[in-house]
Every structure is written in structure tokens, then in C-alpha cells.
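**Student:** Build me a model from this:
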Amino acid sequence: MNTIYQQTVNKLVSFEGVGLHSGKISKVKILQGKDNEGIVFKRVDLKNNNLIKANFKNVTSAKLCTTLGNSSGHKVSTVEHLLAAFYIVGIDNAIVEINNEEMPIMDGSSKEFVQLLTSSGIKVLNKKRKYLKILNKIELEDEKGKNISIEPNNFSFEVDFKLNYENKIIGNQQNKINFLDDNLEQVYSSRTFCLFQDIEKIKKCGFAKGGSLDNAIVVDQKKILNKDGLRNKKEFVNHKILDLAGDFLLSGYRIFGKVNCFKGGHLFSNKFLKKMLKSEESYVLIEMTDIESTKKSDTSQSIKIAVNA
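**Tutor:** This is a model prediction of the structure:
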């Protein structure tokens, strides 16, 4: 697997589906991106100012999903599952054309995105990929007990996530995933979920207009309402790990560090990225050649680049 150079899709990827919250059908095309272009969403239903960069600074809302916007007020929402698929497959640059305001939810996971991207193949580009390597621990905690921290972890990205729900079916779940070494199928196949008693409240707020048992796990106090149950025993926490991977790609880099997260979510991840990227003394940006030299001599020739959050 190439870890030195940036990558994009080898050929056009196209799909369509309903938006989880808008209920609208969206058609999507993923085109090749250029070196250092990053992930850019293009609202093809709009004529002007229709580009939206996938960056943590452009998050306009993180309620129930991650929404990105540009200076003209144009938005694209529920981007996290596609971004997670990009992270898992290894896509650094791509143009995502969409004819609506929300990404299709597909089956509620990243499984179909991963399959489509894998079938497209990967094109290796000319520029080297930069990694954000954590040097010192960074932590964020709120008054409700939510907590995210990241600490040095050699040359891998690891997530240790703990869920804590009063609902007995979900309960307390924990899983630890290494994104470089582990088989990620159970992560990218894990679906979004909600509590049955929250559905009416969510819909009254204008969300979940396209939600169904085909694209979400629904849980009541005693059972899972989906006929086929769970895809894996830790599907709830695995989906949270998937969301986190997608949200963390908004940093603009792949990360070398260990993340510990307790009861996190989209908004909390975005707040954490802002704090992390302001902590310029706590990370460096390196290329893969730097990593190889670090392993040999423990003295990386990495160049620190300031990121203004």
C-alpha cells in the first residue's frame, strides 16, 4: 500500500440516494483531484460560488451530522461517512459533485462508498503526502463529562472510543481500532443509529425526513427494531469511530497519534480539531521519507507548518 504519495480516484465514481435528514434524492459524482487540492464538494445545482472545501474551518453545523459551508452560505451536509471512506481507502484529493444540499445516506454506513472507491481503483499522484504527527498530549473535556484526547503514538492512527448510554441495548461499549494495522470492515460497515423514542423529536426539528430501517439502526428500550439486528457486536461504538475518522479528515491531514474519546460526537470532534491545530507546539507535519529516517536515527527532518485555526 502506498503511504508516501498523495492519491485520488482512478476513474469516475457515481451514485445516488436519499438524504437522511432532507429526504431529497441526491446524485453524486466523484472525480479525480489534483495534488494538494484536498477534498472539494461542488454543488452542481448552483451556478456561482459552488465550491465547498472539506476543512474543519468550514463546519457550519454539527447537529446530528457534519455540515460544511462556504462564504456564500452554500452548504453540503452529512459528509462524514464519505470522508471516512476516503480516509480508509486512502484518498487525499477528489472533487465531489453533488446536485443537492445533502450527501446520500446509502445504508447508514460507509460500506457502499468503500466498495465504490475500491472498484474505481487508486491513482497515485506526484506530490508526497504530509502527515500530522502528535508530539504532546492534547485534551478537551466539557461540563457534561465528554472527553477527547490525543497523544503520541509512533506512526499509526489509533482510536479508543467509549460509549455510555442509559439505554440497555446500547449500554456501555468500547472498542480500540488501529487504522493502519486492523481490518476495518466492521468499522466501515457499521450503521448510524438512534433511539425510537427520539424519532418524533428529531423530525419536529426538521431532521430525519429520509430516515428508515434501511439506513439506520433503531433501538427501543427492549430490542433492536431492524429485522436482521446488528452487523457486528460492537456496531454502535464502531459507527462512532467511523464518524470520528471522517470528522478528523477535516484537519486536512492523516494523523499519527492515539485518540481516546468518551461520549464524543460531531460537534465535540470539531471543537477538538480547532484546539489541536492551535496547539502548534504539540505537532509537526512530516512526509513519509521523514518517517523512515526517524525510525532509523530518531531524528526526523520534518518541517513544522503553522495552521491558523
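**Student:** Check which residues of stretch 51-60 are buried.
**Tutor:** 52, 54-56, 58-59 (16 or more other Cβ atoms under 10 Å). Heads up, the C-betas are built off the backbone N, CA and C, glycines and all.
**Student:** The nearest residue to Ile30 once chain neighbours are set aside: what's it in contact with?
**Tutor:** Once flanking residues are discounted, Ile30 sits nearest to Val13: 4.0 Å by Cβ to Cβ, 6 or more residues apart in numbering. Val13 is in contact with 29-30, 116-117, 119-120, counting by Cβ atoms under 8 Å, 6 or more residues apart in numbering.
**Student:** how about the strands in the stretch 101-250 of the chain?
**Tutor:** Taking DSSP state E, counting those that start in this stretch to define them, one finds strands in the stretch 101-250 of the chain at 122-128, 130-134, 138-141, 147-151, 157-164, 172-178, 193-195, 217-219.
**Student:** got those strands as CSV, with mean neighbour count and mean pLDDT columns?
**Tutor:** Formatted as CSV, these follow (neighbours: other Cβ atoms under 10 Å; pLDDT from 0 to 100):
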stretch, mean neighbour count, mean pLDDT
strand 122-128, 14, 96
strand 130-134, 22, 96
strand 138-141, 16, 98
strand 147-151, 21, 98
strand 157-164, 20, 97
strand 172-178, 16, 97
strand 193-195, 18, 95
strand 217-219, 21, 96
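**Student:** what about the closest residue to Lys258 other than its chain neighbours, distance to Lys137?
**Tutor:** Distances taken as Cβ to Cβ, 6+ apart put Asn153 closest to Lys258, at 3.7 Å, once the chain neighbours are dropped. The span separating Asn153 from Lys137 equals 11 Å under the rule Cβ to Cβ, to the nearest Å.
**Student:** Low-confidence stretches in the stretch 151-300 of the chain?
**Tutor:** 290-300 (pLDDT under 70).
**Student:** So what's the residue count around Ser119?
**Tutor:** 10 (other Cβ atoms under 10 Å).
**Student:** actually Lys201, not the one I typed
**Tutor:** 11.
**Student:** and it, what is it in contact with?
**Tutor:** Lys201 neighbours (Cβ under 8 Å, 6+ apart): none.
**Student:** Over to the one 10 residues further on?
**Tutor:** Listed by Cβ under 8 Å, 6+ apart, the contact set of Gly211 reads 20-21, 105, 194, 199.
**Student:** Repeat that for Glu102.
**Tutor:** 19-22, 24, 26, 76-78.
**Student:** Narrow the residues you listed to those that are buried.
**Tutor:** 19-22, 26, 76-78.
**Student:** Could you export those residues as JSON lines, including pLDDT?
**Tutor:** Output for these, formatted as JSON lines (pLDDT from 0 to 100):
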{"residue": "Gly19", "pLDDT": "95"}
{"residue": "Leu20", "pLDDT": "95"}
{"residue": "His21", "pLDDT": "93"}
{"residue": "Ser22", "pLDDT": "94"}
{"residue": "Ser26", "pLDDT": "98"}
{"residue": "Val76", "pLDDT": "98"}
{"residue": "Ser77", "pLDDT": "98"}
{"residue": "Thr78", "pLDDT": "97"}
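**Student:** Would you check which pair of those lies furthest apart?
**Tutor:** Leu20 and Val76 (13.2 Å; Cβ to Cβ).
**Student:** surely Asn172 meets Leu163?
**Tutor:** Yes - Asn172 lies in contact with Leu163 (Cβ atoms under 8 Å); the separation is 6.5 Å.
**Student:** who touches both of the two?
**Tutor:** In contact with both Asn172 and Leu163: no residue, using Cβ under 8 Å, 6+ apart.
**Student:** My understanding was that Lys75 contacts Glu101; is that so?
**Tutor:** Yes - the pair Lys75 and Glu101 passes the contact test of Cβ under 8 Å, sitting 5.8 Å apart.
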